[in-house]
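Student: Sequence below, structure please.
(4 chains)
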Amino acid sequence: MQVLYFAWIRERIGLPKEQVETTAGTVAELVEELKVREERYAVAFADLASVRVAVDQQMVDLDASIIGASEVAFFPPMTGG
Amino acid sequence: MQVLYFAWIRERIGLPKEQVETTAGTVAELVEELKVREERYAVAFADLASVRVAVDQQMVDLDASIIGASEVAFFPPMTGG
Amino acid sequence: MAIRVQTGDFDISAETAALTRGRDDIGAVVSFTGLVRGGGDVSQMELEHYPGMTENALRDIESRAVKRWNLQASTIVHRVGPLQPGEQIVLVLAASPHRQDAFDAANFMMDYLKTRAPFWKKETGPAGGKWVDARDADDDALLRWDA
Amino acid sequence: MAIRVQTGDFDISAETAALTRGRDDIGAVVSFTGLVRGGGDVSQMELEHYPGMTENALRDIESRAVKRWNLQASTIVHRVGPLQPGEQIVLVLAASPHRQDAFDAANFMMDYLKTRAPFWKKETGPAGGKWVDARDADDDALLRWDA
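Tutor: Next comes the predicted model:
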């Protein structure tokens, strides 16, 4: 599955997207998998209250399913406009 | 004193402005003076609920004073914008 | 703060640029543009006004808006004379550091202008000319700002 | 109904003309223009977005506005990439037969865009870059449309 990062989450993880093989069933499980991989993920996801998630470009909560999803994106609250 | 007419009041009276010599103390008294002059004034001022007044370019009520005023204007409710 | 009454058309981009040029403290500009609506039986609109009082009324509208909101700059342009369906009639611009102030100030200025600025519209159609009636809804719209 | 994400600037008059050209049933067009505010320590702004999701979000915002108001046409243009203080960032246009629908629809689309469209601002100043924090006030602004 394609995982995308934006804004300061992208900067902390150090790349805009990557292909991730996972058996996680939910966003929260995917986050836990990433956090134990490397320190930079643990830093990026240290404060989950500041992290927003989209699964296949739809905003969802952390407990949402990612089964069958092709794209999961992590980003801070939006600041456009 | 200069008396001005706008929109359908101007059309009914048949002129945009005229010099009026009057001893009227209020707008209402001036209207009564004009109404007895000629039929076209009586027609223009038949429905006073549809007539708005400005004395020296400030909106006022019919009972407002015109003593010392240099310009009185009669017009229907505004429809700009 | 600029007000103008004119027969010619106006350009929203040019008016906006005139407000914002040379400064970087404006965060939001809201514009309202009123247009002549056609519909089946209106072939032309004629806008009459009260020269002198009109300019005073427009300045009064701007100064009320300035007192109430964080308004950095504003423009009111109103056309008079003959206008065709589809043409622009009126432009109100409000510039503020924050978007809600710009929205509210522009909205207020339009409500005020509708009922307090001495303009009158006459529509011409196949049956001749007809002065547009004032709408009670416009008086009601103004009242909400008193709250 | 048009949405665009672009690096280049936009022209409000041209966008308005594109909405109103060839028709005479529009009575009111409200535009909102957002600008980069400078202030002492911002020398540049960088706008990042999520291609694909952004366009979906902007289309969703327009379709929500169309369901709720008498909206005849609308446009949303959002710039991305580097921007200088004073430059235009975002344009929202709402066209309606009636002015309050145009005001409310434009206001709503901006509130929605602020919190639901995937854009992020990074300010650059003498101390380096800083991602702009989301404002609780923007979430609150959106909630009032639920009433």
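Student: quick one, what contacts residue C:145?
Tutor: Remark: with contacts taken as CB atoms under 8 Å, 6 or more residues apart in numbering or on different chains, residue C:145 is in contact with C:108, C:111-112. Backbone N, C-alpha and C define where each C-beta goes, glycine included.
Student: Does residue C:127 touch residue C:43 like I think?
Tutor: No: taking CB atoms under 8 Å as the definition, residue C:127 is not a contact partner of residue C:43, at 10.6 Å.
Student: More neighbours: these two, which one.
Tutor: residue C:43 (12 against 8; other CB atoms under 10 Å in any protein chain shown).
Student: Can you report how many residues lie near the closest residue to residue A:81 other than its chain neighbours?
Tutor: Of all residues beyond its chain neighbours, the one nearest residue A:81 is residue D:114 (4.2 Å), with distances taken as CB to CB, 6 or more residues apart in numbering or on different chains. Using other CB under 10 Å, residue D:114 has 24 other residues around it.
Student: State the pLDDT value of residue D:114.
Tutor: The pLDDT attached to residue D:114 in the predicted structure is 95.
Student: Same question for residue C:1.
Tutor: Per-residue pLDDT puts residue C:1 at 83.
Student: Spell out which parts of chain C neighbour chain B.
Tutor: By the criterion of CB under 8 Å from any CB of the partner chain, the positions of chain C lying close to chain B are C:34, C:47-50, C:52-53, C:56, C:78, C:89-90, C:110, C:113-122, C:131-134.
Student: residues near residue C:112, how many?
Tutor: Residue crowding around residue C:112 was assessed by other CB under 10 Å; the count is 23.
Student: next one: the one 3 residues further on
Tutor: Other residues near residue C:115 number 19, with proximity taken as other CB under 10 Å.
Student: do residue A:21 as well
Tutor: Burial measure for residue A:21: 6 neighbouring residues, criterion other CB under 10 Å.
Student: Please save the CA atoms from the longest helix seen in chain C in CSV.
Tutor: The helix of greatest length in chain C, counted in residues with DSSP state H as the criterion, is given as helix C:99-116. Extracted in CSV, the C-alpha atoms of helix C:99-116 (Å, rounded to 0.1, in the frame of the first residue of the first chain):
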residue,chain,number,x,y,z
ARG,C,99,-12.0,36.9,6.5
GLN,C,100,-15.1,37.2,8.7
ASP,C,101,-14.7,41.0,9.1
ALA,C,102,-14.4,41.4,5.3
PHE,C,103,-17.5,39.2,4.7
ASP,C,104,-19.6,41.0,7.4
ALA,C,105,-18.5,44.5,6.4
ALA,C,106,-19.3,43.9,2.7
ASN,C,107,-22.6,42.3,3.5
PHE,C,108,-23.6,45.2,5.8
MET,C,109,-22.5,47.8,3.3
MET,C,110,-24.8,46.2,0.7
ASP,C,111,-27.8,46.0,3.0
TYR,C,112,-27.3,49.6,4.0
LEU,C,113,-26.8,50.7,0.4
LYS,C,114,-30.0,48.9,-0.7
THR,C,115,-32.2,50.9,1.6
ARG,C,116,-30.3,54.1,2.4
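Student: Next up, the contacts around the residue in chain C that chain B sits nearest to.
Tutor: When distances are taken as CB to the nearest CB, chain C approaches chain B most closely through residue C:119, which lies 2.6 Å from it. By CB under 8 Å, 6+ apart, the contact list for residue C:119 reads B:78-81, C:47-49, C:54, C:78, C:80.
Student: ok, residue 81 - contacts?
Tutor: You didn't say which chain, so I picked chain A. For residue A:81, the residues meeting the contact criterion (CB under 8 Å, 6+ apart) are C:99, D:34, D:78, D:89-90, D:110, D:113-114, D:117, D:119.
Student: Please refer instead to chain C.
Tutor: The neighbours of residue C:81, taking CB under 8 Å, 6+ apart as the test, are C:7, C:46-47.
Student: how does it look with 7 Å?
Tutor: The contact partners of residue C:81, taken as CB atoms under 7 Å, 6 or more residues apart in numbering or on different chains, are C:7, C:47.
Student: And for the residue of chain A found nearest chain D, the neighbour number?
Tutor: Using CB to the nearest CB, the closest approach of chain A to chain D is made by residue A:80 at 2.6 Å. Counted by other CB under 10 Å, the residues lying close to residue A:80 total 25.
Student: Angles on the backbone of it, please.
Tutor: Listed backbone geometry of residue A:80 is phi -80, psi -170, with angles given as degrees, to the nearest 10.
Student: Once you drop chain neighbours, what's closest to it?
Tutor: Distances taken as CB to CB, 6+ apart put residue D:119 closest to residue A:80, at 2.6 Å, once the chain neighbours are dropped.
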